[in-house]
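Enquirer: pasted the sequence and its predicted model underneath.
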Amino acid sequence: MNINSPATTAARHENILVRLQEDFDLLPNALAQIAKYILENPEKVLHQSVAELGEFAGSGEASILRLCRQIGFSGFRNFKLALAAEIGRPGLPSAGPEQPDQVLQSLHDSMAQNLAIAHSNAEPETLAKVAAALAASRRIDLYGAGMSGVTAELLAYRLLRVGLTALAFRSSNMAHEVASGLGPGCVAIGFSISGLSVDTVQFLKASRSAGAVTVAITNRRARSPLGETADFNLQASSLHDLPIGAMLTPMVGKIFVIESLMVALGKAMDNPPKK
């Protein structure tokens, strides 16, 4: 048997998405950006050429091939074959179907783990500092793309309910345009699971340049572009919980961060600093 055949390659890499998750925090930003897109859109990648993947992931073909080689593939074709086998594309080997109770138990365990990680990463001192900035703010802008945008809207809703002026944006153009109105006494909050989202990084950079306090809520890569742009970082959950197939599981950790922040904000608003 040819050990370098596509079928053999696929058999050796049945856990390719797990491998990408495990290596994510160790990858250079250019490769991590590609890994992020693959983890979020595995089904789409099966139908894309290396050039199309590069366009959607915002990276070059050479970086894609480098990532393939780094995780053990000779090229993009073998990588796609392994990916297809893993997510169960018809006509290729895949694991047997789980029983419904097993699926629900797995979902429960994943969400419980996500919540536990968010709790373990909560830093009361950081939450208190962010809450103090929010309580004293004249305006709060929030931005996130995709699922992160939905979470940004949830926090904006919570802030509005306690009487603060909060605006959430999912349009990068609008977020950048209105960021010019930010300044001292304002807060900008960027949501990004990976910490690599270019539009979110640019939003926080523009906000910080205008004088606003900047906050990143993310699964935080070490030395991520978003983390380096923020005055404060709040970690929602682990990097191992990227939203494969658009799963909502990562929102559990972010909701915990939001509610933890609201608890801290309640204390800050009840006990304003003495002038």
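Expert: That came through, no problem. Residues are numbered from 1 along each chain as shown.
Enquirer: what residue ranges in this protein score low on pLDDT?
Expert: 1-14, 88-100, 220-223, 238-247, 273-275 (pLDDT under 70).
Enquirer: need phi/psi at the spatially most central residue of it.
Expert: With distances taken as C-alpha atoms, centre = their mean, I193 lies nearest the centre of the chain, 1.0 Å away. Backbone geometry at I193, expressed as degrees, to the nearest 10, gives phi -60, psi -40.
Enquirer: can you tell me how far it is from V50?
Expert: Distance, I193 to V50, by C-beta to C-beta, to the nearest Å: 24 Å. Yep, even glycine has a C-beta here, placed from its N, CA and C like the rest.
Enquirer: also L17?
Expert: Distance, L17 to V50, using C-beta to C-beta: 19 Å.
Enquirer: again, but for A136
Expert: 50 Å.
Enquirer: the more surrounded of those two?
Expert: Comparing A136 with V50 by other C-beta atoms under 10 Å, the one with more neighbours is V50, at 18 against 14.
Enquirer: which residue sits closest to that one, ignoring its sequence neighbours?
Expert: Distances taken as C-beta to C-beta, 6 or more residues apart in numbering place F76 nearest to V50, at 4.6 Å, with adjacent residues excluded.
Enquirer: thought that neighbour was touching R66?
Expert: No. Contact criterion C-beta atoms under 8 Å: F76 and R66 do not qualify, at 10.8 Å.
Enquirer: neighbour count winner among those two?
Expert: Set side by side, F76 and R66 show more neighbours around F76, with 19 against 15, by other C-beta under 10 Å.
Enquirer: tell me, how many residues neighbour E55?
Expert: Number of residues near E55 (other C-beta under 10 Å) recorded here: 13.
Enquirer: secondary structure class of it, three-state.
Expert: Classification of E55 using DSSP: H, G, I helix; E, B strand; the rest coil returns helix.
Enquirer: and it, how close does it get to I34?
Expert: Distance, E55 to I34, using C-beta to C-beta: 12 Å.
Enquirer: likewise for N41?
Expert: For N41 relative to I34 (C-beta to C-beta), the value is 11 Å.
Enquirer: go on, V50?
Expert: 10 Å.
Enquirer: identify the contacts common to those two.
Expert: Taking C-beta atoms under 8 Å, 6 or more residues apart in numbering as the criterion, V50 and I34 both touch I64.
Enquirer: so P184 touches R208, yeah?
Expert: No. Counting by C-beta under 8 Å, P184 stays clear of R208, with 11.4 Å between them.
Enquirer: those two: who's more crowded?
Expert: Ranked by neighbour count (other C-beta under 10 Å), P184 and R208 place R208 first, with 17 against 9.
Enquirer: for that one, pull up the helix or strand it's in.
Expert: R208 belongs to helix 198-209 when assigned by DSSP states H and E.
Enquirer: ok, L167 next?
Expert: Going by DSSP H and E, L167 is in strand 166-169.
Enquirer: starting at the chain centroid, how far to the very next helix or strand once past that strand?
Expert: Toward the C-terminus, strand 166-169 is succeeded by helix 172-178 as the next helix or strand (DSSP H and E). In terms of C-alpha atoms, centre = their mean, to the nearest Å, the centre of helix 172-178 is found 20 Å from the chain centre.
Enquirer: buried ones in helix 172-178?
Expert: 172, 175-176 (16 or more other C-beta atoms under 10 Å).
Enquirer: what secondary structure does the nearest residue to A131 once chain neighbours are set aside sit in?
Expert: Once flanking residues are discounted, A131 sits nearest to A264: 3.7 Å by C-beta to C-beta, 6+ apart. Following three-state DSSP, the label given to A264 is helix.
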